[in-house]
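predicted model and sequence follow; I will ask about them next.
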Amino acid sequence: MTTPASVPARATVLVFLDPAFENGRVADSSKPQLMATDQGATRGDGVFESLLVVGGRPRKLQAHLTRLAVSARALELDIPAEDAWRRAIETAVSEYRGEATTGVEAAGNGAGGTDEVVVKLLASRGVEGAGTPTCWVQASPPPEAGRRQRETGIDVILLDRGYDSEVGERAPWLLLGAKTLSYAVNMAALRYAHHQGADDVIFTSADGRVLEGPTSTVLLAHLETSDDGAGGVRTVRRLITPQLDSGILPGTSQGALFTAAKAAGWELGYGPLVPADLYDADAVWLISSIRLLAPVNHIDGKEIGTPELRRQLTAELNELFATIE
């Protein structure tokens with residue numbers, strides 16, 4: 001009998017948006033595919049999106065395609081239309097899931113299961129001087145660390161990003177609200193956090209505002225109880241996230257969760273937030289499309305809320321998040 005442990009890890013699938021191939025050109029991910037002179041590699045000049053596919057269905061696909069287009073416009077990068085991306089995504093997911101690979105399906109992670117696939121949409125400015133962008137879709141397994149952090153939570157440190165909260169509007173060429181390939185600083189921040197014994201980072205601005213994580217959006221929650229006027233107790237649940245005009249990336253997961261939470265009776269708020277707001281919250285999360293909701297256990301060594309309340313609120317939000325398409 002085949003067991004999950006005996007099933008070989010799936011290779012990454014690459015599908016290039018090639019005009020000669022209507023549904024995208026499948027490429028061998030074990031062989032070089034990108035030109036060494038591509039400006040995505042030499043300069044980080046490009047944009048990307050990461051999304052989760054569950055059971056063969058991409059989550060929040062339209063939101064990711066919209067944000068990809070917004071980021072591309074910020075870079076004055078001409079990328080293919082949405083339909084071309086959708087077709088390439090479908091090809092990549094179908095190839096990755098390997099519906100004809102019965103051995104993998106028998107392990108419970110095939111086309112009929114609730115498997116997760118990480119799909120990245122990438123567009124670079126292309127080979128220098130060619131004037132044509134290089135665009136591709138990548139399908140790969142989700143990182144195990146993400147699953148674990150959803151369940152156990154994370155410890156976070158605050159790091160100064162070095163910009164004030166108004167620099168995004170004052171200096172749009174910094175591209176702070178675009179999801180670009182230039183992630184060296186974000187990865188350096190995560191490595192620094194790991195050296196300090198933490199799992200992740202929340203950036204703050206030079207003027208003391210809470211911003212975002214290197215790969216995530218910050219959420220916090222407050223529970224307030226009051227007399228309902230009829231001898232009972234009324235509980236108000238409030239979700240808050242930093243203001244978008246402070247130079248942060250608009251979170252697709254945060255936006256979708258806010259919509260679901262509002263329908264469920266939660267109150268919503270947008271900063272401005274300072275570190276004291278995080279410490280005073282009943283719960284804090286870092287939310288992203290791949291890791292989903294990761295509850296924050298400690299910030300700079302200080303516990304946030306209580307374990308019981310974190311678990312309760314995380315479970316409530318996960319139920320809402322599960323309804324998001």
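Sure, I can see it.

same for the longest strand seen in the chain, what does it pack against?
Counting residues, the longest strand in the chain under DSSP state E turns out to be strand 217-227. Counting contacts by 3 or more Cβ pairs under 8 Å, 6 or more residues apart in numbering; DSSP states H and E, strand 217-227 is packed against strand 233-241, helix 252-263, helix 275-280, strand 283-288, helix 307-321. Where you see a C-beta, it was placed from the backbone N, CA and C, and this is true even at glycine.

in that strand, which residues are buried?
For strand 217-227, burial by neighbour count (16 or more other Cβ atoms under 10 Å) applies to 217-222.

what strands line up against that strand, and which way round?
strand 233-241 (antiparallel), strand 283-288 (antiparallel) (DSSP bridges).

return the alpha-carbon coordinates of that strand using CSV.
Output in CSV follows, covering the C-alpha atoms of strand 217-227 (Å, rounded to 0.1, in the frame of the first residue of the first chain):
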residue,chain,number,x,y,z
THR,A,217,-0.5,42.0,6.7
VAL,A,218,-1.0,42.9,10.3
LEU,A,219,-4.3,42.3,12.0
LEU,A,220,-5.4,42.9,15.6
ALA,A,221,-8.6,42.3,17.5
HIS,A,222,-10.3,43.8,20.5
LEU,A,223,-13.3,42.3,22.4
GLU,A,224,-15.4,44.7,24.3
THR,A,225,-18.3,43.7,26.5
SER,A,226,-21.1,46.0,27.7
ASP,A,227,-24.7,45.9,29.1
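
can you check what angle separates it from helix 252-263?
Calculated by axes from the mean of the first three to the mean of the last three Cα atoms, to 10 degrees, strand 217-227 forms an angle of 20 degrees with helix 252-263.

tell me the first helix or strand C-terminal of the helix or strand of the chain with the lowest mean pLDDT.
For the chain, using mean pLDDT, DSSP states H and E, the weakest element among its helices and strands is helix 102-106, scoring a mean of 39. Once the chain leaves helix 102-106, the next helix or strand it forms, by DSSP states H and E, is strand 116-124.

after that next one, which helix or strand is next? Please name it.
Strand 116-124 is succeeded, C-terminally, by strand 134-140 (DSSP H and E).

starting at the chain centroid, how far to that following strand?
On the basis of Cα atoms, centre = their mean, to the nearest Å, strand 134-140 sits 16 Å off its chain's mean C-alpha point.

which secondary structure elements does it contact?
With contacts taken as 3+ Cβ pairs under 8 Å, 6+ apart, strand 134-140 sits against strand 13-16, helix 82-97, strand 116-124.

pLDDT on it, on average?
For strand 134-140, mean pLDDT is 97.

which residues touch that strand?
10, 12-17, 24, 27, 29, 33-35, 38, 40, 46, 53, 79-80, 85, 88-89, 91-93, 95-96, 117-127 (Cβ atoms under 8 Å, 6 or more residues apart in numbering).

mind running it again at 7 Å?
Strand 134-140 has contacts (Cβ atoms under 7 Å, 6 or more residues apart in numbering) with 12-17, 24, 34, 38, 40, 79-80, 88-89, 92-93, 96, 117-124, 126.

let's have the buried residues of strand 217-227 in JSON lines, adding distance to Gly208.
As requested, the buried residues of strand 217-227 are exported to JSON lines (distance: Cβ to Cβ, whole Å):
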{"residue": "Thr217", "distance to Gly208": "19"}
{"residue": "Val218", "distance to Gly208": "14"}
{"residue": "Leu219", "distance to Gly208": "19"}
{"residue": "Leu220", "distance to Gly208": "16"}
{"residue": "Ala221", "distance to Gly208": "22"}
{"residue": "His222", "distance to Gly208": "20"}
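
and the residues you listed, which is closest to Arg150?
Leu219 (13.8 Å; Cβ to Cβ).

who's in contact with the closest one?
Applying Cβ under 7 Å, 6+ apart, the residues near Leu219 are 239, 241, 254, 284-285, 287.

roughly how far apart are Arg170 and Leu176?
To Leu176, Arg170 is 10 Å away according to Cβ to Cβ, to the nearest Å.

more neighbours: which of these two?
Using other Cβ atoms under 10 Å as the criterion, Arg170 and Leu176 rank with Leu176 on top: 20 against 10.

residues near the residue nearest to that one when sequence neighbours are not counted, how many?
In space, and not counting its chain neighbours, Leu176 is closest to Gly247: 3.9 Å by Cβ to Cβ, 6 or more residues apart in numbering. Applying other Cβ under 10 Å, we find 27 residues neighbouring Gly247.

with the one 5 residues further on instead?
A count of neighbours around Thr252, defined by other Cβ under 10 Å, yields 26.

quickly note the distance from it to Pro32.
With distances taken as Cβ to Cβ, Thr252 is found 31 Å from Pro32.

ok so, going back, what's the most buried one of the strands paired with strand 217-227?
Highest mean neighbour count of the strands paired with strand 217-227: strand 283-288, a mean of 26 (counted as mean count of other Cβ atoms under 10 Å).
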